[in-house]
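Peer 1: Here you go, sequence then predicted model.
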Amino acid sequence: MIAGHSFLGLRFVLCNNDFALGDELQEKIAGKAVEYERRDSARMADTTATGMTRRALLGAFAATAVVAAPTYGNAFGFLRGAGDIRRIRMYSGRTGESIDTIYWIEGDYIKEAMAEINHFMRDWRNSQTKQIDPRAVDIMAASHRLMDVTEPYMMLSGYRSPQTNAMLRSKSRGVAKHSLHMNGQAADLRLKSRSVGQMAQAAAACASGGVGKYSRSNFVHMDCGPVRSWGG
Ligand SMILES: [Zn+2]
């Protein structure tokens, strides 16, 4: 099993060691990680051609049918079976940094982990940071979980400072003036083992925000703004 023992290599603080978690919290997280990996490995053999597990897909459809006018879509529902933890794994081709962190446990976002995420998702061009909206991270984590991949996301763009957004806008028509990247509410992500279509399908199943397909550039934009989709 690919995922079986990966928790042993799980590191909570990868790109900046300033944030030390207390012993008690670390033990708690380690215990949860074991539980999480056990449940995870049980699902591994069940992946369909779409790149999602059958169970996850059934869950997606069931959730779509049952949830009445949710303000918040399905992202939380998909994460509910994850051993009461939420985990995000990413690396950046821009900075060479990686992050593998449990950022939510039993109902609470972990402040130190969220600070790590803020730092990791900073504007790599000028190192400006912004508080990343936890709902965006939830969508990313839920989509990752739905796709049942062991590979971390490659993050191409997280927070964008106004200067960077203006610069990108001057070069491309595809960049919005009030991009949600500027609010810390969006990320552009890529996976080697999943197509843009599969990634977008997973994100759309969360029904919790915007999903943009950029097939030619091989990435998917996910945000926690209004539910909508674009691109091809
Ligand atoms: Zn984007």
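Peer 2: Looks like it arrived, so ask away. Residues are numbered from 1 along each chain as shown.
Peer 1: Next SSE downstream of the helix or strand that contains Ala204?
Peer 2: Using DSSP states H and E, the element containing Ala204 is helix 196-206. Tracing the chain past helix 196-206, the next element assigned as helix or strand by DSSP H and E is strand 210-214.
Peer 1: can you list contacts of that following strand?
Peer 2: Outside strand 210-214, the residues within contact range by CB atoms under 8 Å, 6 or more residues apart in numbering are 174, 180, 186, 188, 196-197, 200, 203-204, 220-223, 225-232. C-betas here are computed from N, CA, C, even on glycine.
Peer 1: Am I right that Gly184 is in contact with Pro134?
Peer 2: No - in terms of CB atoms under 8 Å, Gly184 does not count as a neighbour of Pro134; the distance is 9.9 Å.
Peer 1: quick revisit: the helix holding Ala204 packs against which elements?
Peer 2: Where contact means 3 or more CB pairs under 8 Å, 6 or more residues apart in numbering; DSSP states H and E, helix 196-206 is packed against helix 54-66, helix 75-79, helix 134-147, strand 210-214, strand 219-223, strand 228-231.
Peer 1: From the rest of the structure, what touches stretch 174-187?
Peer 2: Surrounding stretch 174-187, the residues in contact under the criterion CB under 8 Å, 6+ apart are 118, 121, 130-133, 135-136, 140, 153, 155, 157-162, 165, 168-169, 188, 209-210, 214, 221-225.
Peer 1: Among these, name the buried ones.
Peer 2: Members of those that pass the buried threshold by neighbour count (16 or more other CB atoms under 10 Å) are listed as 118, 121, 130, 132-133, 135-136, 140, 153, 155, 157-161, 165, 168, 188, 209-210, 214, 221-225.
Peer 1: If we check the ion, which of these are in contact?
Peer 2: Asp188, His221 (CB under 5 Å from the ion).
Peer 1: same question for the helix holding Ala204, mean pLDDT?
Peer 2: Averaged across helix 196-206, pLDDT comes to 96.
Peer 1: Contact residues of this protein facing the ion?
Peer 2: Near the ion, when you scan the chain using CB under 5 Å from the ion, you find Ala186, Asp188, His221.
Peer 1: if we go to 6 Å?
Peer 2: Counting by CB under 6 Å from the ion, the residues of the chain lying close to the ion are Ser157, His181, Ala186, Asp188, His221.
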